[in-house]
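# just the structure for this:
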Amino acid sequence: ENSLAEFLGKIKAFVATGNILVGLFFYRRSIKRIGVTNMLLVPPLVFTFLYSEWLIQETLLIAILGVISVDGVLFTIEDNNFNLLVKAAPLKLRGALRFINDSFFEPVGLFFSSLFLIFLQSRHIWLGFSLALVFLIVSFVLRHFYPRSILLNLQENSIHFERRIKDWLRRLSRKEQKEIQEDILEALKSPSEKMQLLAFQTLIGSQDKKNLAKLLFYAGRFSEEGKLAVLEQLDFCQFSNDPSIIETIGRWLEENPSEKLQKRAQLYLAKRGFLHPEKVADLLDSGDLGDKAIAITTFKHSKAQQTPENIALNKTIAKKEIDLLLKSDSEENKILGLQLISEDSPDGLEKTIKFLESGSAQVAAAAAAALLKFSSKSLSPFALKIIERMGEVSDSRFRLCCLEALGIISDSSTIKEIIKESIFFRPAERRLAETVILKMGLKTVPVLIALIKDLKLHDRCRILAGKILGRIALPQLQANLREIIDLEIRRAYFYLYFGHTIQKEYPLYDLKLLENALLTGFQSIVSFIIHLLGAAGSLEEGDLLVLSLHSKNTKAQADAIETLEKNCDSHIFNRIQPLIDDWPIEEKLKIYEKNYAVSTRLSLTELLNTLENSASLFDRTIASSLKAKFRMPKWRESLREQIKSSDGPLHQYAYELLKQ
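You can find the predicted model right below:
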């Protein structure tokens with residue numbers, strides 16, 4: 001009478017043992033080999049197969065398989081799959097999903113299944129088969145959306161400082177945009193003027209004129225400093241000449257006795273021709289540069305009723321005053337002169353180019369801003385000089401203005417030099433360089449392909465070339481992708497192999513610095529591969545995936561790897577997986593030894609020679625330093641070669657090492 005209980009007990013004991021083995025040894029390995037999206041299909045396929053066999057015949061084996069499926073497959077595979085799939089949900093929903101699944105769906109499902117079994121006794125197998133098919137269809141739908149959800153989850157948890165206000169708003173739905181604008185307008189009522197100014201800047205930056213009247217109303221309540229900040233914002237908006245703005249500024253001039261605000265408001269009106277030269281003539285001889293700027297600007301741009309002779313005379317006076325400022329020994333005078341210089345000045349371009357080479361960063365930046373007034377395709381002979389100066393002056397405003405000028409010049413022969421200089425560009429400068437080269441069109445394609453393949457070029461420059469090529473001529477980049485990736489994979493294994501073996505080969509030397517340099521080079525190459533895949537259209541958000549792969553958060557790493565697996569070419573992913581996945585280092589080294597055995601026999605001297613020829617400044621510096629430290633054969637000759645072939649920090653560093 002106890003045989004049924006004993007039989008079920010034995011089956012459950014075997015199933016429990018199987019669950020332990022699967023959980024400890026097989027599930028994780030299966031996920032790594034076939035991925036969660038393929039593992040997702042296992043439970044529905046098992047149940048569909050089980051019910052389809054049950055429809056054909058009823059045997060004891062079917063009952064045993066049913067127990068195994070319910071107590072085994074559901075507990076070990078389905079529950080673990082659910083835990084992994086929940087990671088694709090937004091962070092704020094995960095707890096709710098787990099609670100709803102355990103506390104609502106499972107009890108409700110059991111309740112309805114009980115009702116079905118009561119009323120469909122003779123057709124319960126068909127019911128189970130139908131539900132298994134629904135389960136299978138839902139699994140295919142989840143399998144389709146999972147990779148995209150993982151990427152969206154990474155995007156939602158990242159901060160993109162490089163995006164402008166318009167970029168953020170463009171990504172939102174109309175309803176969300178409207179709600180955000182209402183929230184920002186509400187912020188104008190904040191008791192904190194800092195918050196009010198931020199809201200004002202945001203709404204003006206969106207270039208939407210419909211809120212202008214409300215913005216000007218609140219701006220009238222700001223303090224003097226707040227109004228000065230408002231004038232700066234209005235000066236660069238698209239509707240800066242709007243009558244309502246001019247009327248508001250005129251009212252501020254009447255109401256506010258502050259000298260600082262008076263001058264700034266007058267300069268704003270003078271730029272737009274709303275001041276009369278006779279009223280500011282006395283300011284031409286003022287020692288205050290603010291007053292002088294108002295007077296010169298008024299003489300240049302005044303729209304007041306004047307005879308043609310007076311207009312010409314006023315412009316001549318303004319030009320003479322600007323020339324005096326440019327000839328002054330004072331930096332402040334030169335900067336003001338460059339700000340006021342006119343594009344119709346016959347010798348204005350020559351003067352501006354001359355000031356580009358100024359030793360003062362502020363004067364050079366002012367000259368670069370002035371250069372935009374003269375920029376046209378006819379300035380092509382000056383393009384190389386402008387690029388050369390960008391490498392010498394680190395001021396961001398200077399570089400941005402120079403890049404804008406190069407965009408107007410649009411000389412495709414300068415692409416290589418621009419991309420070479422981009423190694424030291426800041427993110428905003430790099431984005432502008434990308435935009436500038438994009439405007440040059442398809443004539444840049446051969447040069448860009450050559451730059452991507454050039455191993456002597458820094459990876460950062462090659463990434464920029466790849467991004468531009470992907471946007472100009474995606475098929476050409478995709479056609480060369482495998483060749484480039486295979487070459488980079490070989491380089492990555494080279495850095496990884498020697499980064500983990502060189503110290504063991506030379507235990508008497510302290511090579512910790514070299515190890516760090518090699519492993520850093522390895523990470524740089526992996527980043528280049530991911531960026532290139534993103535540029536080739538295989539991936540979205542290449543920058544985000546690179547950050548996630550290098551993150552200390554294992555979940556973020558796993559999400560990035562899954563995104564790579566599901567979005568890029570399977571051949572390429574299989575090649576790069578050992579480099580990015582959590583494989584034992586011994587396995588990775590074996591792959592290198594198997595495929596690139598010839599390169600494993602490099603001596604320390606040969607390895608340092610290889611690094612000295614690297615495109616990375618860091619690699620070359622480390623190689624030169626270690627050669628000098630260990631007094632390796634011909635180390636002085638190597639340093640002399642570095643001095644000849646390099647400039648900047650490495651040139652000086654090599655010279656200092658040579659003097660030791």
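# C-alpha from now on. contacts and neighbour counts both.
Will do.
# and Cys237, what element?
Following DSSP states H and E, one finds Cys237 outside all helices and strands.
# and it, what does it touch?
204-205, 207 (C-alpha atoms under 8 Å, 6 or more residues apart in numbering).
# in helices, which of those appear?
If you go by DSSP state H, these have 204-205 in helices.
# out of the contacts of Cys237, which end up buried?
Neighbour counting by 16 or more other C-alpha atoms under 10 Å classes 204-205 among the contacts of Cys237 as buried.
# among the contacts of Cys237, show me the least confident.
Lowest pLDDT among the contacts of Cys237: Gln207, with 72.
# give me the neighbour count for Ala558.
Counted by other C-alpha atoms under 10 Å, the residues lying close to Ala558 total 17.
# now Val445
Neighbour tally, Val445, other C-alpha under 10 Å: 19.
# which ones are touching it?
469, 472-473.
# next SSE after the strand or helix carrying it?
Using DSSP H and E, Val445 falls within helix 445-453. Per DSSP H and E, the first helix or strand lying C-terminal to helix 445-453 is helix 459-472.
# of the contacts of Val445, closest to Asp344?
Ile472 (35.4 Å; C-alpha to C-alpha).
# would you check how far apart the closest one and Ile449 are?
As judged by C-alpha to C-alpha, to the nearest Å, Ile472 and Ile449 stand 11 Å apart.
# now do the buried residues in stretch 111-127.
So, applying 16+ other C-alpha under 10 Å, buried residues of stretch 111-127: 125, 127.
# whoops, stretch 324-341 was the one
Buried residues in stretch 324-341 (16+ other C-alpha under 10 Å): 325-326, 333-341.
# low-confidence stretches in the stretch 451-600 of the chain?
Low-confidence segments of the stretch 451-600 of the chain (pLDDT under 70): 538-542, 555, 597-600.
# residue ranges of the helices in it, please?
Counting by DSSP state H, counting those that start in this stretch, the stretch 451-600 of the chain has these helices, from start to end: 459-472, 474-505, 512-535, 542-549, 554-567, 570-580, 585-595.
# of all residues in this structure, which one is nearest the centre?
Nearest to the mean C-alpha position of the chain, counting by C-alpha atoms, centre = their mean, stands Asp543 at 4.7 Å.
# what's near enough to touch the closest residue to that one other than its chain neighbours?
Among residues not flanking Asp543 along the chain, His531 sits closest, at 6.7 Å (C-alpha to C-alpha, 6 or more residues apart in numbering). Taking C-alpha under 8 Å, 6+ apart, we find His531 in contact with 463, 467, 542-543, 546.
# if we can go back for a sec, so which of Ile472 and Ile449 has more stuff around it?
Using other C-alpha under 10 Å as the criterion, Ile472 and Ile449 rank with Ile472 on top: 20 against 17.
# and the angle for the helix holding Val445 with helix 474-505?
20 degrees (axes from the mean of the first three to the mean of the last three C-alpha atoms, to 10 degrees).
# how about helix 445-453: buried residues?
So, applying 16+ other C-alpha under 10 Å, buried residues of helix 445-453: 445, 448-449, 451-453.
# report the distance from it to the chain centre.
22 Å (C-alpha atoms, centre = their mean, to the nearest Å).
# for it, output the C-alpha coordinates as PDB.
Output of helix 445-453 as PDB, limited to C-alpha atoms (Å, rounded to 0.1, in the frame of the first residue of the first chain):
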ATOM      1  CA  VAL A 445      36.600  57.500 -47.900                       C
ATOM      2  CA  PRO A 446      40.000  56.200 -49.300                       C
ATOM      3  CA  VAL A 447      41.900  58.300 -46.700                       C
ATOM      4  CA  LEU A 448      39.700  57.100 -43.800                       C
ATOM      5  CA  ILE A 449      40.200  53.400 -44.800                       C
ATOM      6  CA  ALA A 450      43.900  53.900 -44.900                       C
ATOM      7  CA  LEU A 451      43.900  55.600 -41.500                       C
ATOM      8  CA  ILE A 452      41.900  52.800 -39.900                       C
ATOM      9  CA  LYS A 453      44.400  50.200 -41.100                       C
END
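# give me the angle between it and helix 512-535.
Going by the same axes, to 10 degrees, helix 445-453 makes 150 degrees with helix 512-535.
# so which of the contacts of His531 is the closest to Leu519?
Val546 (15.5 Å).
# the closest one and Ser527, how far apart?
Note on Val546: its distance to Ser527, by C-alpha to C-alpha, is 6 Å.
# cool, Ile180 as well?
35 Å.
# the more surrounded of these two?
Using other C-alpha under 10 Å, the more surrounded residue of Ile180 and Ser527 is Ser527, with 22 against 14.
# what's the neighbour count on Glu247?
11.
# how much space between it and Phe274?
11 Å.
# for Ile296, same thing?
13 Å.
# what's the answer for Gln557, then?
Taken as C-alpha to C-alpha, the span from Gln557 to Phe274 is 60 Å.
# these two: which is more packed in?
Neighbours were counted for Gln557 and for Phe274 using other C-alpha under 10 Å; Gln557 has more, 21 against 17.
# quick one: contacts for Ser190?
By C-alpha under 8 Å, 6+ apart, the neighbours of Ser190 are Gln196.
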